[in-house]
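*Asks:* got a structure for you, letters missing:
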């Protein structure tokens with residue numbers, strides 16, 4: 001009888017012991033998410049692991065300016081609807097596609113795909129080169145200043161190179177992450193190739 005009670009007591013205590021182990025494990029992860037766990041706990045570690053380090057304020061800044069460009073493009077389109085011109089149509093398309101949609105894509109993509117911390121200096125350089133380049137391209141094209149247009153193209157190319165560097169060394173493990181990284185790099189490449197083509201068209205139209 002005593003043996004059965006002993007065996008019953010030990011079996012009933014196992015769920016409590018397991019629960020205590022889980023509680024200790026979760027508490028340790030809460031204190032230090034980078035804690036190195038045993039192989040059989042690797043899945044829990046992956047779940048608790050923080051997302052890739054990235055300054056969320058920079059992502060918000062890209063989002064804010066990109067959204068503003070889209071809204072500005074819509075406003076210009078509405079204002080110029082009564083008497084549309086080639087320049088106004090081009091400015092609307094550029095603001096919406098390059099200043100807006102492309103900026104949202106590169107800002108959001110970098111924040112989700114970068115696997116190592118991006119320095120504040122690199123983020124500032126990316127943001128400044130991208131938006132100053134866009135401003136120079138628009139001003140140079142609308143005012144007919146070819147040097148300003150070319151300077152804008154150079155700044156945009158520099159921004160794209162910096163954005164490439166932002167995801168250097170990324171090694172995604174999930175299928176959607178691999179496809180996302182490929183799509184992100186393809187977007188950067190397409191925009192980079194389109195810059196000299198756009199500059200040539202701008203010079204031809206200006207001459």
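*Replies:* On my side now, so go ahead. Note that this is a predicted model, so its numbers are computed, not measured.
*Asks:* hey, let's count contacts and neighbours off CA atoms from now on
*Replies:* Noted.
*Asks:* do a quick rundown of the helices in this structure.
*Replies:* Secondary structure of the chain (DSSP state H): helices at 2-31, 42-48, 56-79, 86-94, 103-113, 120-143, 146-166, 175-206.
*Asks:* adding mean pLDDT and mean neighbour count, write those out as a markdown table.
*Replies:* Below are the helices of the chain laid out as a markdown table (pLDDT from 0 to 100; neighbours: other Cα atoms under 10 Å):
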| stretch | mean pLDDT | mean neighbour count |
| --- | --- | --- |
| helix 2-31 | 50 | 11 |
| helix 42-48 | 40 | 13 |
| helix 56-79 | 88 | 17 |
| helix 86-94 | 89 | 16 |
| helix 103-113 | 85 | 20 |
| helix 120-143 | 92 | 19 |
| helix 146-166 | 92 | 20 |
| helix 175-206 | 83 | 14 |
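*Asks:* from what I can see residue 148 touches residue 135, true?
*Replies:* No: between residue 148 and residue 135 there is no contact under Cα atoms under 8 Å: 9.5 Å.
*Asks:* okay, and the common contacts of the two?
*Replies:* Applying Cα atoms under 8 Å, 6 or more residues apart in numbering, one finds that no residue jointly contacts residue 148 and residue 135.
*Asks:* could you check how far residue 63 is from residue 92?
*Replies:* Going from residue 63 to residue 92 by Cα to Cα, to the nearest Å gives 18 Å.
*Asks:* and residue 162, by the same measure?
*Replies:* Taken as Cα to Cα, the span from residue 162 to residue 92 is 26 Å.
*Asks:* how is this protein carved up into domains?
*Replies:* If you go by automatic domain parsing, the domain ranges for the chain are 2-48, 56-206.
*Asks:* what pLDDT does residue 207 get?
*Replies:* pLDDT for residue 207: 62.
*Asks:* equivalent analysis for residue 52, please.
*Replies:* 43.
*Asks:* and what of residue 119?
*Replies:* Reading off the model, residue 119 has pLDDT 80.
*Asks:* run a quick neighbour tally on it.
*Replies:* By other Cα atoms under 10 Å, 12 other residues sit near residue 119.
*Asks:* where does it fall, phi/psi-wise?
*Replies:* Here is the backbone geometry of residue 119 (degrees, to the nearest 10): phi -70, psi 150.
*Asks:* ok, now how distant is it from residue 113?
*Replies:* In terms of Cα to Cα, residue 119 sits 15 Å off from residue 113.
*Asks:* so what's residue 151 up against?
*Replies:* Taking Cα under 8 Å, 6+ apart as the test, what residue 151 contacts is 133, 136-137.
*Asks:* next: residue 122.
*Replies:* 162, 166 are the contacts of residue 122 under Cα under 8 Å, 6+ apart.
*Asks:* check contacts around residue 104.
*Replies:* So residue 104 contacts 62-63, 66-67 (Cα under 8 Å, 6+ apart).
*Asks:* show me which pair in these is furthest apart.
*Replies:* 62 and 67 (8.4 Å; Cα to Cα).
*Asks:* not counting its neighbours along the chain, what's nearest residue 114?
*Replies:* Counting by Cα to Cα, 6 or more residues apart in numbering, residue 114 lies nearest to residue 167, which is 4.7 Å off, once chain neighbours are set aside.
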